[in-house]
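Engineer: A predicted structure for the sequence below; I have some questions about it.
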Amino acid sequence: MTPTPHDTTRISSLSTDNPTPHLIPEGDNATPLDYGSSATDKLVLIIVGLPACGKTHVAQRIVRYLNFFLDVPSEIFNAGDYRREMVGAQVPASFYDPNNEKALRQLTEVRNAALEDMVQFLKLDGVRVAVYDAPNATTDKREMISNRLKQERIGAKQIFLECICDDEEILKKNIRKYLDSAPDYRDCDPDAAFKDFKERRERYMSDYETVHDEEGSYVKVYDCKRFVLNNIRGYLPLKICHFVMNLHTLPRTFYLSRHGQSEYNVLGKIGGDSGLSKAGLEYARRLADYARDVITVKTNTLANDYNGTTTEKEITNEDIPARLWTSTLRRTKETAQFIKHPSITHPGNKQTDDQDEVRDWVQLRPLPRRNLDELYAGTCDGMTYKEIEQVYPEEFARRQSDKLSYRYPRGESYMDVILRLEPLAHEMERTREPILMIGHQGILRILYAYFMGLSRDEAPYVSIPLNTVIKLEPHAYGCKEERICLMNKKEMLNDGQDEPVTSMPRLVVDKGENYAQDDPVMNAPAVDQLRAKKKVISSKADDSNYFWCERKRRKSG
């Protein structure tokens, strides 16, 4: 039924008569987020486990997930980081001898310093999750932590998370990864480092005690495959448990690529569902070659087996199974159209898929995912930034002032995208095979920020250029990044992909009458101005002392 002019006038009058509106802290047109627990919940995860069982990797992933996707203030208190700062990074295995009284006093000071910082963190208002990451190998040490928390009367829930690694092959890979990334053995002889680390682990094993039912709530993780839960209740604890069940410590690689240049890219339009331009088709062909020659191939070269001796291996190539994810939009599917999908014989592996029989695998079988669809621009879909500024100047200004929370009219915000990417993050954490993800700028910004340790506020400004594959290799102490440009920007007349300077906050811009006269799509490389900042953040992610030093800086500030 069509409203009469009288009805329209009445509705218009009522809609503006709102003297006490409902205001949300995220701002106008933004997304209110609530992870589903009360504002007084505090949770302490006490990590338990021997060296090389993957406990630091699990702790880091939990904290990253809670901070980024659930927006729950979470912090890890790693005893190893405190020990490196207070005692030194490279200490011999004898330092962990239970009979070494001097070392015991130093380790007690280290644990107390980490525990004190954790207590102060938990005393802050609101929801908090603290992760105390240390071997905590005996019942007495765990009881000491519990007693301290009771004395402070913080009222925090307490869960022990014990990581147990009985599989020798997984243990060997964990040791290899630790020796490659941890600062404790930086610039050390590989054979000597392996021998020293094995001795350190054996000293912890001499008095190790597993967590018992009498100690309270716990989660036991056996080889990242079998899980035992005791007295776990509540939304947030169960959410964490579900996330932990998707984690593993094996090496994995993600390849992030935007679609090739689209017809809308050439015109400077955002959104839409256009096909690829000629330059986009050329990139698609080059991406297919890269997938065939790099992503699906493993090169075995001279390597150290970390078994005490260095052994030579032939330089050989072997096919490895890999996955391909795209969005459901036309431009990502067309970017994947030249990728071949041969069937290979994949020997099953109980470490990865609980199967040891030989099975067939279709390489890079395309899997379209709605989660990977580009941020929806709503009523602005198909417009250029200049058109948005002219037609919707207030919306343009809102996006400029708060790009993270801003939601396009009848469209999405980056906050909305974070919500719909959370399930995909679980899948990425769970998957063992390399994944090639062909997506969109806004989507890949979020996934890149999550794995690289960037904040939500920084995510909308990450540089994700066209024609580039971003290779990510997460590990316990950060994430390695490599960018491979498959097609130089000079080969394209105009990619139309640099966002307008006016969309970037905190930048001084000359907004004279003709500031965009020579650039109809306002094609200014604003992302370059944040590239230096991103490099600094990335270097922090590789610095094992960053987390500890950053806590000290925040406390002193």
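Structural biologist: Great, that's in hand.
Engineer: okay, now the unreliable bits of the protein?
Structural biologist: 1-16, 24-40, 300-316, 347-358, 492-557 (pLDDT under 70).
Engineer: give the contact list for T326.
Structural biologist: T326 sits next to T332, K333, T335, A336, P366, L367, P368, R369, L372, M437, I438, G439 when contact means C-beta atoms under 8 Å, 6 or more residues apart in numbering. The way it works is simple: take the backbone N, C-alpha and C, and place the C-beta from them, glycine included.
Engineer: swap in T332?
Structural biologist: Going by C-beta under 8 Å, 6+ apart, T332 touches H259, T326, P368, L372, I438, G439, H440.
Engineer: could you find the closest non-adjacent residue to it?
Structural biologist: T326 (4.2 Å; C-beta to C-beta, 6 or more residues apart in numbering).
Engineer: got it, and E422?
Structural biologist: F69 is the one closest to E422 (C-beta to C-beta, 6+ apart), at 4.6 Å.
Engineer: pretty sure the one you found is in contact with Y450, am I right?
Structural biologist: Yes - between F69 and Y450 there is a contact under C-beta atoms under 8 Å: 7.4 Å.
Engineer: okay, these two: which has more neighbours?
Structural biologist: Y450 (25 against 22; other C-beta atoms under 10 Å).
Engineer: summarise which helices and strands the helix or strand hosting that one is packed against.
Structural biologist: Element membership of Y450, judged by DSSP states H and E, is helix 441-452. Applying 3 or more C-beta pairs under 8 Å, 6 or more residues apart in numbering; DSSP states H and E, one finds that helix 441-452 contacts helix 55-68, strand 254-258, helix 414-430, strand 435-439, strand 468-475, strand 478-485, helix 531-541.
Engineer: can I get that helix in PDB, CA atoms only?
Structural biologist: Extracted C-alpha coordinates of helix 441-452, given in PDB (Å, rounded to 0.1, in the frame of the first residue of the first chain):
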ATOM      1  CA  GLN A 441      41.200  -5.300  -0.600                       C
ATOM      2  CA  GLY A 442      39.000  -4.700   2.400                       C
ATOM      3  CA  ILE A 443      38.800  -8.400   3.200                       C
ATOM      4  CA  LEU A 444      42.400  -9.200   2.900                       C
ATOM      5  CA  ARG A 445      43.300  -6.100   5.000                       C
ATOM      6  CA  ILE A 446      41.500  -7.700   7.900                       C
ATOM      7  CA  LEU A 447      43.100 -11.200   7.500                       C
ATOM      8  CA  TYR A 448      46.500  -9.600   7.000                       C
ATOM      9  CA  ALA A 449      46.200  -7.500  10.100                       C
ATOM     10  CA  TYR A 450      45.100 -10.500  12.200                       C
ATOM     11  CA  PHE A 451      48.100 -12.600  11.400                       C
ATOM     12  CA  MET A 452      50.600  -9.700  11.400                       C
END
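Engineer: contacts for that helix, please.
Structural biologist: Contact with helix 441-452 is made by 64, 68-69, 254, 256, 258, 327, 371-375, 414, 417-418, 421, 424-425, 428, 437, 439, 454-456, 458-462, 464, 470, 472, 474, 479, 481, 497, 537-538, 541, as judged by C-beta under 8 Å, 6+ apart.
Engineer: tell me the angle of that helix relative to strand 254-258?
Structural biologist: Using axes from the mean of the first three to the mean of the last three C-alpha atoms, to 10 degrees, the direction of helix 441-452 lies 160 degrees away from that of strand 254-258.
Engineer: how about the strands in the stretch 101-250 of the chain?
Structural biologist: Using DSSP state E, counting those that start in this stretch, the strands of the stretch 101-250 of the chain run over residues 128-133, 157-164, 218-222, 226-230.
Engineer: and among those, the most buried is which?
Structural biologist: For these, the largest average neighbour count (mean count of other C-beta atoms under 10 Å) is found in strand 128-133, namely a mean of 25.
Engineer: got a list of contacts for it?
Structural biologist: 42-47, 55-56, 59, 62-63, 66, 72-80, 114-115, 118, 121-122, 145, 156, 236, 240.
Engineer: and D133, what are its bridge partners?
Structural biologist: Beta-bridge pairing for D133 (DSSP bridges): I47, N78.
Engineer: before we move on, back to that, may I see the buried residues of the helix holding Y450?
Structural biologist: Within helix 441-452, the residues scored as buried using 16 or more other C-beta atoms under 10 Å are Q441, G442, I443, L444, R445, I446, L447, Y448, A449, Y450, F451, M452.
Engineer: relative to E116, how far out is the third one?
Structural biologist: Taken as C-beta to C-beta, to the nearest Å, the spacing of I443 relative to E116 amounts to 41 Å.
Engineer: need the strands of the stretch 101-250 of the chain in JSON lines (columns: distance to K386).
Structural biologist: Shown next, in JSON lines, are the strands of the stretch 101-250 of the chain (distance: least, C-beta to C-beta, whole Å):
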{"stretch": "strand 128-133", "distance to K386": "44"}
{"stretch": "strand 157-164", "distance to K386": "52"}
{"stretch": "strand 218-222", "distance to K386": "53"}
{"stretch": "strand 226-230", "distance to K386": "54"}
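Engineer: T139: which of the ones you listed is closest?
Structural biologist: Proximity to T139 (C-beta to C-beta) singles out strand 157-164 among those, at 10.7 Å.
Engineer: got the angle between the closest one and helix 55-68?
Structural biologist: 140 degrees.
Engineer: show me what strand 157-164 is packed against.
Structural biologist: strand 42-48, helix 55-68, helix 139-152, strand 218-222, helix 235-244.
Engineer: CSV please, covering these and showing distance to P21.
Structural biologist: Putting the helices and strands packed on strand 157-164 into CSV (distance: least, C-beta to C-beta, whole Å) gives the following:
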stretch, distance to P21
strand 42-48, 32
helix 55-68, 30
helix 139-152, 41
strand 218-222, 44
helix 235-244, 30
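Engineer: and the ones you listed: which comes nearest R286?
Structural biologist: Using C-beta to C-beta, the helices and strands packed on strand 157-164 put helix 55-68 closest to R286, at 31.9 Å.
Engineer: which helices and strands does that closest one pack with?
Structural biologist: Counting by 3+ C-beta pairs under 8 Å, 6+ apart, helix 55-68 packs on strand 42-48, strand 74-78, strand 128-133, strand 157-164, helix 235-244, helix 414-430, helix 441-452.
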